[in-house]
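In: dropping the sequence and predicted coords here.
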Amino acid sequence: MTTASSADHPTRRDFLFVATGAAAAVGGAAALWPFISQMNPDASTIAAGAPIEVDLSPVAEGQDIKVFWRGKPIYISHRTKKQIDEARAVNVASLPDPQTDEARVKSGHEQWLVVIGICTHLGCIPIAHEGNYDGFFCPCHGSQYDSSGRIRQGPAPANLAVPPYQFVSDTKIQIG
Amino acid sequence: MSGPSDYQPSNPALQWIERRLPILGLMHSSFVVYPTPRNLNYWWTFGAILSFMLGMQILTGVILAMHYTPHADLAFKSVELIVRDVNYGWLLRNMHACGASMFFFAVYVHMLRGLYYGSYKEPREVLWILGVIIYLLMMATGFMGYVLPWGQMSFWGATVITNLFSAIPYVGESIVTLLWGGYSVGNPTLNRFFSLHYLLPFLIAGVVVLHVWALHVAGQNNPDGVEPKTEKDTVPFTPHATIKDMFGVSCFLLLYAWFIFYMPNYLGDADNYIPANPGVTPPHIVPEWYYLPFYAILRSIPNKLAGVIAMFSAIIILCFLPWLDSARTRSSKYRPLAKQFFWIFVAVCILLGYLGAQPPEGIYVVAGRVLTVCYFAYFLIVLPLLSRIETPRPVPNSISEAILAKGSKAVASVAVALVAAGALFLGSLGDARASEGSDKPPGNKWSFSGPFGKFDRGALQRGLKVYKEVCANCHGLSYVAFRNLGEPGGPGYSVAQVAAFASDYKIKDGPNDAGDMFERPGRAADYFPSPFPNEQAARAANGGAAPPDLSLITKARSYGRGFPWFIFDFFTQYQEQGPDYVAAVLQGFEEKVPEGVTIPEGSYFNRYFPGHAIKMPKPLSDGQVTYDDGSPTTVAQYSKDVTTFLMWTAEPHMEARKRLGFQVFVFLIIFALLMYFTKKKVWADSH
């Protein structure tokens, strides 16, 4: 390794060294992929995340149930007239995360609120029918959601998320 | 060799660290300026290959542990799910399982190299003993790792090896109970083996650090066995040894990739694809190929305690090698007699390995005893005697002198390579079986054989039909989900077709809110249901024999191919014994039992089944299943189709494996060539 040729102008030797180094880098990077990719959900986990159907007929007015989809708790609330009116009477512009109640439920099924029951602050599970707004209260850091699942008070930055769902019939929904 | 470092980094931040923790200087003096003997041949590359393999095993092992479940009820299934569902899980599992074999292959070359060139002699005794300790730790790790998949060989291997300790007088039984954590090998055993299998590699890595440390104090030995005297005798480690080792590793990767992508089950035992069953022992319990010589020694001694002592002594004796061989000449290159005896010793080890795979009967027992005596005689008689009577040839004064007088060492190297390769192939006789009086199944032409093999979609779809209409009456496919039918590399059904297929099945689900079990139509995520609610019901319906689950049947079946076929098998990638066997059994039924053959009551004659007697009645007859695509509705066609389908259920990712394998090979060949020319350029000025 004592020849002086490579300092001034590129030689075939330099080309060989660069090509070898590049091949090693490409091979190393490609070999990394399986080691990273294996951390993603596996095929059985993905298959288990298929849509679920929920029968709403046993849920009485004022009652709410919790179902699980993709490992997350989903609250399904059968809202009372009072709760719906409260949710719709709010001045939307005054909310931290402005959203109308109409945008959060399916039209014609206003009594059904379906939200992912995970606090948008740091992922705790809020308790239904608690707090000052007739909605949800997160005991961890005091976030309060109203009867439409919108954030009203506390550190959470966003409303409770609405999962993708649709009404299969009047008394049955499919989540996912 | 290693004095105070004169390493002076120019970067002030590095200087700051170096003054407080001279780790950079340590790396610099160990792996950059470290003087390497100029005459090292490629047998010295196996040190680097071993470091690489250790790193590879730890990396893939840590990842597999993220997906593995160490519970007796779930371990087997979790390994199958790694292979079937985890992204690249099949690749990582093959890398780890074949990696163990490659690791041992490399360590044997490394040890034999040390033996041949006298690397254990003064002043490298501690270095050698540390190596033996690493080897012992490797054996323990490899054994416990083999237990984890919880197949038949895993379970019975664990039973047999832990029972070795029962040979200890008075306390043996208590020790075995202690090792098991129960009355037999069970869940506590599996849990502790998993824990220790995860721990030991880090101990190995620790002892490797000591091994390399001792190496760098004493300096490397070399093929001529003379210590470097002047600067002309050595070259700096970087770039010379670094690039040479990297070239060696890239060549080794080609061999490793051959196993990973094309022969993943070649070195394993088919029985380990049968879930552990404490009620049935495999016909012959054989360890993995790398333990076979010691297994043969164990079996050669007709006394339990003495056999165990002999087996452990066969390894421990290596520690005393530096004192058993007191010859002053290091390298066998200059010891004409020692050289010959070394090769005899290598042959003895390989033959012991061969015997370890054979059933312990007849001539094999006698041969085993003779070779066991030869093994110990090499250490206890030949080496001490040789060092007294042998007249070595004159040793060169220095390494540079030896290089100038360079002879025909390449011939010896090629010979060693062939012998080492032969050892590997001989070891692969792991599935050798006693003569069981059955015909060898004829070989078939399969669309999925060879490096570019693909499943025949038509055959997969027809095979599924045969399975559903015939086999499913008694056999399950518990590792296959309906969704698999729509995945790439499978029968090629659409999502809607899969959903429709699944909804034909009634799946037991529950309990529901009322606490009841109920039946619902199958969904894509469900697994193929078993025809029987449990094993007892299956036995009751089938005259006492539980029909095996068919998900892995083609991998779990094998028959000995014998010498010299396994050598061709390695090069032609022939690994279709399982499918050949299954197809043959389906066609081997005969209505009339041939004369001179008696089979037990309630069983049927089958030419290819061991012992000719099978509990299963002839399942297929011509015209039984209708085909829509005009294929002949004959037993031969049915069995070929259903076997193709079962091969796919055993390895749904086979097409991905072969495709990726081809890409990796193209890359590795280009890379190895680049490495070779780079290495030549780097060394050009040093010769």
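Out: Structure received.

In: please make it C-alpha for all contacts and neighbour counts, starting now.
Out: Fine.

In: what's the neighbour count on whichever residue of the stretch 151-300 of chain B sits closest to chain A?
Out: Minimum separation of the stretch 151-300 of chain B from chain A (Cα to the nearest Cα) falls at B:Pro239, amounting to 8.9 Å. The number of residues packed near B:Pro239 is 17, by other Cα atoms under 10 Å in any protein chain shown.

In: so what touches stretch A:63-72?
Out: Taking contacts as Cα atoms under 8 Å, 6 or more residues apart in numbering or on different chains, the residues outside stretch A:63-72 that touch it are A:48-49, A:51-52, A:59, A:73-79, A:116-118, A:128, A:175-176.

In: what's next to the helix or strand harbouring B:Thr372, contact-wise?
Out: B:Thr372 is located in helix B:363-377, with elements delineated by DSSP states H and E. The list of residues contacting helix B:363-377 from outside it, by Cα under 8 Å, 6+ apart, reads B:296-297, B:299-301, B:314, B:345, B:348-349, B:351-352, B:355, B:358.

In: tell me which residues are up against the helix or strand just after that helix.
Out: Following the chain from helix B:363-377 toward its C-terminal end, the next helix or strand by DSSP H and E is helix B:383-389. With Cα under 8 Å, 6+ apart as the test, helix B:383-389 has contacts from B:324-328, B:337-338.

In: next one: stretch A:17-34
Out: Applying Cα under 8 Å, 6+ apart, the contact partners of stretch A:17-34 are B:87-88, B:91-92, B:667, B:671, B:674-675, B:678.

In: from what I can see A:Val162 touches A:Arg104, true?
Out: Yes - in this structure, A:Val162 sits in contact with A:Arg104. The criterion is Cα atoms under 8 Å, and the distance is 6.9 Å.

In: tell me which of those two has more neighbours.
Out: Between A:Val162 and A:Arg104, counting by other Cα under 10 Å, A:Arg104 is the more crowded of the two (21 against 17).

In: which one of the contacts of helix B:363-377 has the most neighbours?
Out: Across the contacts of helix B:363-377, the neighbour count under other Cα under 10 Å reaches its highest value at B:Ala296, namely 30 neighbours.

In: which of the contacts of helix B:383-389 count as buried?
Out: Of all the contacts of helix B:383-389 considered here, the ones buried according to neighbour count by 16 or more other Cα atoms under 10 Å in any protein chain shown are B:324-327, B:337-338.

In: ok, which pair from those residues is furthest apart?
Out: Checked with Cα to Cα, the buried ones among the contacts of helix B:383-389 reach their widest spread between B:Leu324 and B:Leu337, with 16.0 Å between them.

In: confirm that B:Ser51 sits in a helix.
Out: Yes - the assignment for B:Ser51, made by DSSP: H, G, I helix; E, B strand; the rest coil, places it in a helix.

In: local confidence estimate at it?
Out: The score at B:Ser51 is 97. That number is its pLDDT.

In: for it, the count of nearby residues, please.
Out: The tally of other residues near B:Ser51 (other Cα under 10 Å) stands at 15.

In: cool, and A:Ala29?
Out: There are 10 residues near A:Ala29, going by other Cα under 10 Å.

In: report the buried residues of the helix or strand containing it.
Out: Using DSSP H and E, A:Ala29 sits within helix A:12-37. By neighbour count on 16+ other Cα under 10 Å, the buried set for helix A:12-37 is A:16-17, A:19-21, A:23-24, A:35.

In: and stretch B:27-44, by the same measure?
Out: For stretch B:27-44, a neighbour-count test (16+ other Cα under 10 Å) marks B:28-32, B:34-40, B:43-44 as buried.

In: now swap in stretch B:15-22 and tell me
Out: For stretch B:15-22, burial by neighbour count (16+ other Cα under 10 Å) applies to B:15, B:18, B:22.

In: so what does A:Arg152 look like in phi/psi?
Out: Here is the backbone geometry of A:Arg152 (degrees, to the nearest 10): phi -120, psi -30.

In: isn't the residue of the stretch 151-300 of chain B closest to chain A right up against B:Val33?
Out: No - B:Pro239 is not in contact with B:Val33 according to Cα under 8 Å; the separation is 9.1 Å.

In: now, which of the buried ones among the contacts of helix B:383-389 lie within helices?
Out: When the buried ones among the contacts of helix B:383-389 are checked against helices using DSSP state H, the ones located there are B:324, B:337-338.

In: between the residues you listed, which is nearest chain A?
Out: Within the set of these, B:Ala338 lies nearest chain A; the separation is 38.9 Å, counting by Cα to the nearest Cα.

In: right, and the closest one touches B:Ser332 too?
Out: Yes - if you go by Cα under 8 Å, B:Ala338 and B:Ser332 touch, sitting 6.0 Å apart.

In: residues contacting residue 110?
Out: Picking chain A for this. Taking Cα under 8 Å, 6+ apart as the definition of contact, the neighbours of A:Glu110 are A:84, A:102.

In: chain B is the one I meant
Out: Listed by Cα under 8 Å, 6+ apart, the contact set of B:His110 reads B:43-44, B:46-47.
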